[in-house]
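Enquirer: The amino acid sequence is not available; the structure is as follows:
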């Protein structure tokens with residue numbers, strides 16, 4: 001296993017997360033203004049109402065992070081920055097969260113995939129084919145044929161999303177919000193994560209982004225139950241916790 005992912009509450013590790021986010025969102029991509037984040041830490045009002053996950057390499061260094069913004073008086077970033085075409089009052093607010101601040105160290109990103117993670121340009125779209133990863137219509141066999149070395153390049157995606165699912169199940173979440181670039185949506189579909197549906201128009205927010213919503217039960221029935229390779233990836237990353245979260 002190249003990476004481990006755990007929930008973070010320790011103040012020192014939280015600072016490391018904020019520093020990684022600053023490096024990615026402020027220095028590398030310019031999504032946030034450095035002057036708005038003194039001390040080279042990137043944080044906002046939602047962090048106090050979020051569950052933070054950190055991916056660590058074998059040395060214990062935090063090389064990836066994502067947060068689940070939980071229901072609070074602050075609301076959700078997606079509802080503040082996007083115009084949604086759904087009635088948000090009909091959603092189960094207390095079991096809803098927003099997947100947010102997905103950041104991976106550039107040492108663990110392939111340069112060719114930066115266009116997927118953060119966008120190569122506001123008007124750039126990536127073709128839905130790639131020699132390293134299965135396309136959106138891929139079967140389980142397509143995933144198996146990618147080979148061990150190629151799959152390792154993408155293991156951090158599986159590690160983070162398996163942790164997102166695991167932690168969500170443990171605290172009783174039922175739905176995920178997410179603001180995504182089209183290219184990132186394409187990328188995760190290639191990994192078999194095909195549960196996110198657009199719920200509004202694309203707007204210019206950290207580049208061109210579209211609001212999405214996913215139902216966790218639907219993710220399980222349409223992804224984990226039907227995609228043997230994806231299910232095995234989650235099982236590998238979650239270990240004994242898998243059987244408790246997803247009994248046979």
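Expert: Received it, and whenever you're ready, just let me know what you need. Keep in mind that what you see is a predicted model, and the values were worked out from it rather than measured.

Enquirer: Which elements pack onto the lengthiest helix in the chain?
Expert: Counting residues, the longest helix found in the chain (DSSP state H) is helix 155-170. Helix 155-170 is packed against strand 4-8, strand 50-56, strand 62-70, strand 96-104, helix 182-190, helix 216-219, helix 228-238, helix 241-245, with contacts defined by 3 or more C-beta pairs under 8 Å, 6 or more residues apart in numbering; DSSP states H and E. For every residue, glycine as well, the C-beta is placed using N, CA and C.

Enquirer: Any idea which of those gets closest to residue 169?
Expert: helix 241-245 (4.9 Å; C-beta to C-beta).

Enquirer: hey, what's the closest residue to residue 163 other than its chain neighbours bridged with?
Expert: Leaving aside its chain neighbours, residue 163 sits nearest to residue 5 (3.9 Å; criterion: C-beta to C-beta, 6 or more residues apart in numbering). On the basis of DSSP bridges, residue 5 is bridged to residue 55.

Enquirer: any idea how far residue 5 is from residue 51?
Expert: Residue 5 is 12 Å from residue 51, where distance means C-beta to C-beta, to the nearest Å.

Enquirer: quick one: which of those two has more around it?
Expert: Using other C-beta atoms under 10 Å as the criterion, residue 5 and residue 51 rank with residue 5 on top: 24 against 20.

Enquirer: follow-up on the earlier one: for the longest helix of the chain, report the contacting residues that lie outside it.
Expert: 1-7, 51, 53, 55, 63-64, 66, 68, 97, 99, 102, 104, 108, 176, 187-188, 191, 193, 216, 219, 230, 233-234, 237-238, 241, 245 (C-beta atoms under 8 Å, 6 or more residues apart in numbering).

Enquirer: give the contact list for residue 56.
Expert: 3-6, 62-63.

Enquirer: The same query, at a cut-off of 10 Å, please.
Expert: 3-6, 8, 13, 16, 62-64, 159 (C-beta atoms under 10 Å, 6 or more residues apart in numbering).

Enquirer: ditto for residue 209
Expert: 78, 81-82, 119, 122, 178-182, 184-185, 200, 202-203.

Enquirer: can we see that at 7 Å?
Expert: 179-181, 202-203 (C-beta atoms under 7 Å, 6 or more residues apart in numbering).

Enquirer: Helix or strand for it, just tell me which one.
Expert: strand 208-215 (DSSP states H and E).

Enquirer: Could you list the low-confidence segments of this structure?
Expert: For the chain, the stretches with pLDDT under 70 are 1, 109-153.

Enquirer: Give me the most central residue, it.
Expert: By C-alpha atoms, centre = their mean, the mean C-alpha position of the chain lies nearest to residue 102, the distance being 5.3 Å.

Enquirer: distance of the nearest residue to that residue once chain neighbours are set aside from residue 78?
Expert: Excluding its sequence neighbours, the residue lying closest to residue 102 (C-beta to C-beta, 6+ apart) is residue 66, at 4.7 Å. The gap separating residue 66 from residue 78 is 15 Å, by C-beta to C-beta.

Enquirer: just to revisit the earlier point, can I get the buried part of the contacts of helix 155-170 as one PyMOL selection?
Expert: Filtering the contacts of helix 155-170 down to the buried ones (16 or more other C-beta atoms under 10 Å) takes a single PyMOL command:
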select buried, resi 3+5+51+53+55+63+64+66+68+97+99+102+104+108+176+187+188+191+193+216+219+230+233+234+237+238+241+245
